[in-house]
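[1] Attaching a predicted model along with its sequence, questions to come.
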Amino acid sequence: MKVLVTAKRVIDPYVKVRVKSDGTGVETANIKMTINPFCEIAVEQAVRMKEAGIVTEIVVVSIGPIQCQETIRTAMAMGADRGILVEMAEEAQPLAVAKILKAIIEKEQPRLVIMGKQAIDDDSNQCGQMVAALLGWPQATHISNVTINGDTADITREIDGGLEKLTVNLPAVVTADLRLNEPRYVTLPNIMKAKKKPLENIKPDALGVDVKPRLKTLKVAEPASRSAGVKVADAKELVAKLKNEARVI
Amino acid sequence: MAILVIAEHDGKNLKPGTTNTITAAGKLGGDVTVLVAGHNCAEAGAAAAKVKGVAKVLVSDAPQFEGALAENITALVLSVAKSYTHIVAPATGMGKNFMPRVAALLDVQQISDISSVVSADTFVRPTYAGNVMATVQSSDAIKVITVRATAFDPAGDGGSAPVEALAATPAAGLSKFNGQELTKSARPELTAARIIVSGGRGMGSAENFKILEPLADKLGAAVGASRAAVDSGFVPNDYQVGQTGKIVAPEMYVAVGISGAIQHLAGMKDSKVIVAINKDAEAPLFSIASYWIVDDLFKVVPELVTELG
Ligand SMILES: Cc1cc2nc3c(=O)[nH]c(=O)nc-3n(C[C@H](O)[C@H](O)[C@H](O)COP(=O)(O)OP(=O)(O)OC[C@H]3O[C@@H](n4cnc5c(N)ncnc54)[C@H](O)[C@@H]3O)c2cc1C
Ligand SMILES: Cc1cc2nc3c(=O)[nH]c(=O)nc-3n(C[C@H](O)[C@H](O)[C@H](O)COP(=O)(O)OP(=O)(O)OC[C@H]3O[C@@H](n4cnc5c(N)ncnc54)[C@H](O)[C@@H]3O)c2cc1C
């Protein structure tokens, strides 16, 4: 079966993000960018399913500026077969991303769509659910296991109190949680091979979808900082402080 | 302004987070209706009616709402959505799961995880693991919002709202709920606890992690963990605190053998009092701690238990 995976380009999770002095956004100039860690897990899952003989083709989609080609090449170096870049200069909000993906999915007809559970920049946790909704497909979010059984998939999801088991009809959209797998490191030969894989570049207009933002960012700011704390010598002093100063115990 | 809050519950009581969401909904200015959907959930409906600030409760009780499958809950919410200006749910596992589905089918851009209400259409929400607070304004006719529970106080008791039955929508038939494996614990839930004791990679092993138990017992605390501790298999996944785990803001958070990566801080930095125990004098967590001890945790933790008497 064919699988479609998504790969968002985000600021590296280990970079300290800074708000621009005019409060209009965050500094992105000369900042290290990477594939969203949850998308990396999604790609890894598709590749493992291909290695297991369940999947025949992996199509990877990224939406954003031209540099997203690098993100797609990363996914290809991991094992994706083919890439589609939907090139947009402005950032797309989740509903717009979902509408773009719906249009591509209707054309590509995959049996399974694997996405990240959240992008670590905007932390929205929406896109996968929205894509499933627009297609009228079932969804399984925050998954830690997926097994394909013919026309259905057995899923384990991570929920607040533990784990949940579901069976979803295929086609379906699933979103990857941290413990679904550990992504492989890409090797140099695979990076070279990825350069030769097909990568299509399309514009949202060609898909005929409305990508106008519905949310306007009025300003961004750094959160209020905490007042400075104190070092204490030992358990005894700590307990005294907690009782008499902080009064929490 | 008419506001619909979707409750999270266990059939009998509202889950922590829902009453905070009712407080957030109250700030929008308008009547707050609470929807309780589930199977055998009449008691939870009665509990919702007692919450202060609730004008009306809708209860929809049917087998297809067991397990809160996103497809089925979405259909129910859509059946009444057009009567409201705001649809609000806690940004918990459940809310994150079905709310974007509701938003997409209403052709609305959801506003995730708000930490403050500026006005009926403008909200503050944390992004980049809480390092950037964005103020956003929605131009959609219906606002679909999830709420960061720790940013709002829980609404108290004292209400006596009327309870009405809401006709169930049919099962979507797209997926099947096969049950849950919940971590059994006699301790308070992480997101509801007054005090949390959390362990990191520094605990060393699942066996060693247990030395936090007597400390948690003494403090009446819940037990949490860093991702490194979960990934190392010391504790189950639902213990994880952080950007991609649970967001908590208890009265006191005691971090033991946790370095303080931004992804961990994202989940706990709004705790009132933060205590850190780490043998590394340079641990980043100290930068946000109220009190810290630089020493071996295997020495400090048992001493703390003794000192607490
Ligand atoms: C401070 C700030 C201000 C902003 N202002 C604006 C603004 O004014 N206008 C505007 O349009 N946008 C703006 N954005 C950007 C925009 O809000 C986000 O990019 C958008 O909300 C996407 O949310 P998300 O990635 O968190 O979605 P999520 O729902 O968290 O993403 C889930 C998954 O969907 C997939 N996915 C998401 N996006 C893509 C993609 N582009 N390509 C491939 N797969 C993807 C991935 O698999 C991802 O793991 C702003 C962002 C920030 C941080
Ligand atoms: C996309 C993404 C999402 C993530 N999400 C999360 C998340 O939600 N939550 C989360 O926690 N992390 C998350 N992480 C991981 C995060 O970056 C860190 O790797 C993790 O928090 C480290 O856990 P730790 O502090 O327990 O381990 P370490 O960083 O290894 O720290 C262990 C600490 O224990 C101390 N120590 C060791 N032995 C002793 C001793 N005997 N006595 C006293 N102190 C001792 C050490 O000095 C050290 O400071 C995420 C990472 C990424 C990339």
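    Structure received. Numbering: from 1, shown residues only, chains lettered A, B, ... in the order given. Ligands and ions are numbered 1, 2, ... in the order given.
[2] quick one, what contacts the one residue sitting closest to the centre of chain A?
    For chain A, the residue nearest the mean C-alpha position is residue A:116 (3.3 Å; Cα atoms, centre = their mean). Residues near residue A:116 by Cβ atoms under 8 Å, 6 or more residues apart in numbering or on different chains: A:6, A:8, A:36, A:37, A:38, A:39, A:40, A:41, A:42, A:128, A:175, A:176. Every residue, glycine included, has its C-beta placed from N, CA and C.
[3] count of neighbours near the fourth one?
    Close neighbours of residue A:37, defined as other Cβ atoms under 10 Å in any protein chain shown, add up to 20.
[4] beta partners of residue A:3?
    residue A:58, residue A:112 (DSSP bridges).
[5] Among the contacts of residue A:116, which are located in helices?
    A:37, A:38, A:39, A:40, A:41, A:42, A:128 (DSSP state H).
[6] okay if I get the residues you listed as a markdown table plus pLDDT?
    Shown next, in a markdown table, are those (pLDDT from 0 to 100):
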| residue | pLDDT |
| --- | --- |
| A:37 | 95 |
| A:38 | 96 |
| A:39 | 97 |
| A:40 | 97 |
| A:41 | 97 |
| A:42 | 98 |
| A:128 | 97 |
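[7] coming back round to it: and ligand 1, which of the contacts of residue A:116 reach it?
    Among the contacts of residue A:116, the residues within reach of ligand 1 (Cβ under 6 Å from any ligand atom) are A:6, A:8, A:36, A:38, A:39, A:128.
[8] Based on its surroundings, how many neighbours for the fifth one?
    Per other Cβ under 10 Å, the neighbour tally for residue A:39 reads 30.
[9] List the residues that contact it.
    Contacts of residue A:39 (Cβ under 8 Å, 6+ apart): A:5, A:6, A:7, A:8, A:71, A:75, A:115, A:116, A:119, A:176.
[10] swap in the second one?
    Residue A:8 makes contacts with A:35, A:36, A:39, A:62, A:63, A:64, A:71, A:116, A:119, A:121, as judged by Cβ under 8 Å, 6+ apart.
[11] Can you get me a residue count around the residue lying closest to it once chain neighbours are set aside?
    Of all residues not flanking residue A:8 in the chain, residue A:36 sits nearest, at 4.3 Å (Cβ to Cβ, 6 or more residues apart in numbering or on different chains). Residue A:36 is flanked by 24 other residues according to other Cβ under 10 Å.
[12] Can you pull up the most central residue in chain B?
    By Cα atoms, centre = their mean, chain B has its centre lying nearest to residue B:92, at 4.5 Å.
[13] Please give me every residue in contact with residue 143.
    Assuming you mean chain A. Residue A:143 makes contact with A:155, A:156, A:157, A:158, A:174, A:175, A:176, A:177, A:180, according to Cβ under 8 Å, 6+ apart.
[14] oops, I was thinking of chain B
    Residues in contact with residue B:143 (Cβ under 8 Å, 6+ apart) are B:85, B:86, B:87, B:108, B:111, B:120, B:121.
[15] Just the buried residues of those residues.
    Among these, those scoring as buried are B:86, B:87, B:108, B:111, B:120, B:121 (criterion: 16 or more other Cβ atoms under 10 Å in any protein chain shown).
[16] And the residue nearest to the centre of chain A, how far from ligand 1?
    From residue A:116 across to ligand 1, the span is 2 Å (Cβ to the nearest ligand atom, to the nearest Å).
[17] contacting residues for the nearest residue to that residue once chain neighbours are set aside?
    Distance criterion Cβ to Cβ, 6+ apart; nearest residue to residue A:116, sequence neighbours excluded, is residue A:38 at 2.8 Å. By Cβ under 8 Å, 6+ apart, residue A:38 lies in contact with A:115, A:116, A:117, A:118, A:119, A:120, A:175, A:176, A:177, A:178, B:244.
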